[in-house]
Structures are given as C-alpha cells and as structure tokens.
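Chemist: have a look at this fold, sequence not included:
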C-alpha cells in the first residue's frame with residue numbers, strides 16, 4: 001500500500017513537544033543529580049538564551065592531546081563560560097584569580113570522551129553516561145524520540161546529559177509500538193508488510209527529519225541481542241537501503257546502519273551509509289570500499305563482549321563466536337586506514353563506560369593513542385563536532401576527564417574517571433559498576 005496519499009509531515013522541529021519533553025527530563029534528572037545544575041551549555045538554539053555556563057581551572061595534571069599525542073606535564077586548562085580559553089604548560093597560561101580550581105596534580109587530563117552509539121531513553125541514563133566520561137554522544141535511536149529531548153536537556157543543563165546527535169526512531173520493517181511515536185507515522189500501520197516500500201521508507205525518514213533528527217538510523221540485518229532472531233538474516237536490500245540514504249541526504253543527514261553479515265555490510269556501504277555499526281562479518285573487500293568512501297566503522301566491541309557473558313546460552317555462544325571475528329575485522333580496518341569510532345551500544349537502563357570500548361579497541365590491535373582517538377578526535381569528526389570536541393585547546397568545549405594513571409600505558413584507567421567536567425561544570429563520576437553478564441544487551 002502506498003502511504004504517499006497522506007500529506008508529508010510538516011517540515012518543523014516540534015519545539016513545544018521537544019521543550020516539554022526536555023522540561024520533564026530536566027525535572028527528573030535534577031532529582032537524580034549528585035549536585036544541582038549550575039548553568040546551561042554554551043551552545044544555544046535560535047531564539048533561546050543560554051544561562052551562564054561553568055568557569056573552572058584544571059591545574060597540575062598531565063595533559064594529553066589526542067590529536068597530536070603531545071603530553072604536557074604540570075598543565076593548566078582554563079575554562080570560561082563552558083569553553084576552553086587556554087590550555088598548556090603552567091608557565092604559558094595565565095590563571096584567573098577568581099576561578100574555581102580543580103586540582104589534578106598526579107593525575108592525567110584528557111578531553112571528554114565520545115560515545116558514538118548509545119541509546120539514551122531516560123534522564124538517569126543520560127546523566128550516567130556523562131558521569132562515565134561520555135560528554136558527547138550519538139544516539140543509536142530511541143522508541144519515542146526521547147533522544148530529541150535529551151539533546152535539548154543537554155543544551156539547557158549540560159551537567160545532566162551529554163552533547164547529543166539524535167537519531168529519532170529506528171527505520172526497521174516492524175516499527176511495533178513506535179508507530180505511536182508521532183501521528184505522522186500512523187498511516188504506516190495499514191501496511192501489511194511493514195516499512196518496506198520506497199514510500200514507507202521515505203515516510204519514516206521524513207518524520208525523523210521533521211522532528212529534528214541529526215542522523216538517520218536503519219538496519220540491514222536482524223538483532224544479535226535477541227536469541228530468537230538471526231543476526232545474519234537480511235531485512236533490507238541494497239535498493240531499500242539506497243532509498244533511506246537518498247531520503248536522508250535530501251535532508252542533509254547521514255545514515256548509520258546496524259549490520260552483521262558479509263553481504264549486509266557490503267550492501268549498506270555501497271548504498272552510501274555514513275557509518276557501519278557492529279559489522280562483525282564485514283569482508284576485506286568491503287573494508288577497502290569503506291576506506292575509499294570514508295565510511296566509518298563503529299564495531300561496538302563492548303556490546304559483543306557482553307553477549308559472550310550472557311546467561312542465555314544462545315547469546316553466550318553467539319558472543320563467543322562473534323567477538324574474535326570482530327576483533328580481527330577491527331584490526332584489519334585499522335591497518336587499512338578505515339576510520340574507527342568507539343560506541344558502547346548501551347541500552348536498557350545500564351550505561352556501559354565508554355572507556356571499556358577504548359580498552360577493547362586497544363586489545364584488538366590499536367595502539368593506546370589510536371584507541372583513545374576512536375573516542376575523541378575520530379568520533380568527533382564523525383559527529384561533525386571536530387571544531388569543538390575531542391581536544392582541550394582554545395575554543396574547544398570545556399569537557400574534561402581526569403584519570404588516575406597514564407592512559408598511554410594503561411587505557412583501562414579511562415573506565416573509571418576520577419573527575420568529569422562538562423562545559424566547565426564538575427560532576428560526581430559514576431562509581432557503581434555492573435558486570436557485563438548482569439547488564440542488558442542491546443545490539444540494536
């Protein structure tokens with residue numbers, strides 16, 4: 001059935017709905033935060049005035065610049081109104097007399113990390129992601145546009161949520177209850193075969209764009225995190241993926257694609273996606289094509305590793321089989337020069353530390369510095385945030401993590417930051433940890 005008989009959704013960001021959702025999230029998160037929100041982010045949207053952001057000086061630590069690999073001992077980072085005004089050796093940086101000080105002596109100082117594949121459905125999850133060190137992120141979709149509201153929450157109260165690129169709802173054959181996420185999606189309920197026709201695929205892209213999504217999320221294979229599904233089964237063809245990519249490009253957006261099988265990965269890359277998610281059985285030929293096209297690879301190693309520790313025997317065997325294959329794919333991609341990006345695929349109430357993904361990147365064969373870049377400079381480039389995220393230099397966002405040890409010698413220190421600073425505001429880091437076996441598995 002053609003769905004074009006219904007008028008296309010209006011080209012608008014539903015400010016009333018978004019701000020109402022953001023207000024609700026802010027009210028919930030304020031009760032969860034360890035300290036009250038002091039200010040709004042320095043980023044603003046048209047017509048909105050931002051409150052005063054954080055002023056802070058981080059002094060005495062060893063500063064790592066992921067872009068160059070340069071290490072500066074006894075460094076100072078000056079943040080004013082949520083933005084880095086100066087960073088470098090103490091002798092070269094003037095310290096404001098009235099700014100609050102975060103003492104980092106004996107610690108290492110890095111830019112806040114980026115989680116390029118995460119599902120933030122609640123205010124609590126958004127807050128935990130920041131406390132884990134992910135000060136910026138890209139959504140891997142939500143069921144009811146919660147990520148749009150989280151993005152607005154982050155702009156109003158940056159200590160409660162990461163700076164977020166929102167994906168809206170997942171473009172998948174069976175929308176399930178997501179059909180209720182927006183009235184403009186309801187015509188799709190009449191479709192006997194689900195979201196498969198060119199018209200239906202374009203419809204979901206259009207609704208996402210109208211809602212203000214920054215990126216579009218789709219799939220080519222089934223889910224690995226559900227034992228009853230075959231993650232190698234192909235659900236969309238090359239032609240269907242091309243429709244999604246074309247519709248997204250008309251709106252100026254890129255596409256991230258959930259992929260597992262060799263053919264599925266190849267179809268997705270040839271269709272023109274911006275980043276390949278999971279990609280366990282990606283072939284060498286497809287990796288070469290990704291290098292040529294500049295397609296990024298987000299392997300979500302920590303999510304696959306979590307499968308291997310599942311109490312479900314089907315999922316555990318799937319994880320044990322997939323993890324070594326994926327590590328080889330990551331190693332091959334790195335050697336070929338495919339841009340690798342860190343993402344945890346956290347979902348379901350348990351936010352994994354982005355530092356764990358960096359640790360697994362290192363275990364797959366990347367140097368410590370290159371592994372750190374997957375969660376800083378390379379991830380920032382994928383998200384279109386490279387002018388302000390991924391480094392601590394003048395004009396960059398005042399997002400900082402302070403860790404107890406040299407991450408170039410032991411990347412595992414990134415899993416448990418001692419201090420997290422978001423737009424100049426200090427947060428209490430997340431100290432509670434749940435084992436991979438206890439944590440829910442998304443792999444959406």
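Modeler: Structure received. Keep in mind that what you see is a predicted model, and the values were worked out from it rather than measured.
Chemist: number of nearby residues for residue 227?
Modeler: Residue 227 has 14 neighbours, counted by other Cβ atoms under 10 Å. C-beta here means a position set from N, CA and C on the backbone, and glycine is covered the same way.
Chemist: next, count neighbours for the closest residue to it other than its chain neighbours.
Modeler: Excluding the flanking residues, the one nearest residue 227 by Cβ to Cβ, 6 or more residues apart in numbering is residue 314, at 3.9 Å. Number of residues near residue 314 (other Cβ under 10 Å) recorded here: 12.
Chemist: same question, residue 94
Modeler: Counted with other Cβ under 10 Å, the neighbours of residue 94 add up to 9.
Chemist: counting contacts, what elements does the lengthiest helix in the chain pack onto?
Modeler: Counting by DSSP state H, the longest helix found in the chain is helix 313-336. Using 3 or more Cβ pairs under 8 Å, 6 or more residues apart in numbering; DSSP states H and E as the contact criterion, the elements in contact with helix 313-336 are helix 284-293, strand 296-298, helix 301-308, helix 354-363.
Chemist: make JSON lines out of those and add mean pLDDT.
Modeler: Listed next are the helices and strands packed on helix 313-336 as JSON lines, based on pLDDT from 0 to 100:
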{"stretch": "helix 284-293", "mean pLDDT": "98"}
{"stretch": "strand 296-298", "mean pLDDT": "98"}
{"stretch": "helix 301-308", "mean pLDDT": "96"}
{"stretch": "helix 354-363", "mean pLDDT": "98"}
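Chemist: to residue 250, which of those lies closest?
Modeler: helix 284-293 (19.1 Å; Cβ to Cβ).
Chemist: buried stuff in the closest one?
Modeler: 286, 287, 289, 290 (16 or more other Cβ atoms under 10 Å).
Chemist: also stretch 169-187?
Modeler: For stretch 169-187, by 16+ other Cβ under 10 Å, it's 169, 170, 171, 172, 175, 178, 179, 181, 182, 184, 185, 187.
Chemist: contact partners for the fourth one?
Modeler: Neighbour list for residue 172: 195, 218, 219, 235 [criterion: Cβ atoms under 8 Å, 6 or more residues apart in numbering].
Chemist: circling back to that earlier point, so what touches the longest helix of the chain?
Modeler: Residues outside helix 313-336 that contact it (Cβ under 8 Å, 6+ apart) are 224-225, 227, 231, 278-282, 284, 287-288, 290-291, 297, 299, 301, 304-310, 340, 360-361, 363-366, 370, 441.
Chemist: of those residues, buried ones?
Modeler: 224-225, 231, 278-282, 287, 290, 297, 299, 301, 304-310, 340, 360-361, 364-366, 370, 441.
Chemist: could you find the closest non-adjacent residue to residue 214?
Modeler: Residue 214 sits nearest to residue 165 (Cβ to Cβ, 6+ apart), 4.2 Å away.
Chemist: neighbours around that neighbour, how many?
Modeler: So residue 165, with other Cβ under 10 Å, has 23 neighbours.
Chemist: likewise residue 95?
Modeler: For residue 95, the count of nearby residues is 12 (other Cβ under 10 Å).
Chemist: is it correct that it is in contact with residue 78?
Modeler: Yes. Using Cβ atoms under 8 Å, residue 95 is in contact with residue 78, at 6.7 Å.
Chemist: shared neighbours, those two?
Modeler: residue 57.
Chemist: give me the low-pLDDT residue ranges for the protein?
Modeler: The chain contains residues with pLDDT under 70 at 1-53, 428-444.
Chemist: can you give me the helices in it?
Modeler: In the chain, the helices defined using DSSP H lie at 15-32, 123-131, 146-156, 198-211, 238-250, 262-271, 284-293, 301-308, 313-336, 354-363, 368-374, 377-382.
Chemist: list the buried residues of stretch 69-79.
Modeler: Neighbour-count burial for stretch 69-79, with 16+ other Cβ under 10 Å as criterion, is recorded at 72, 75, 76, 77, 78, 79.
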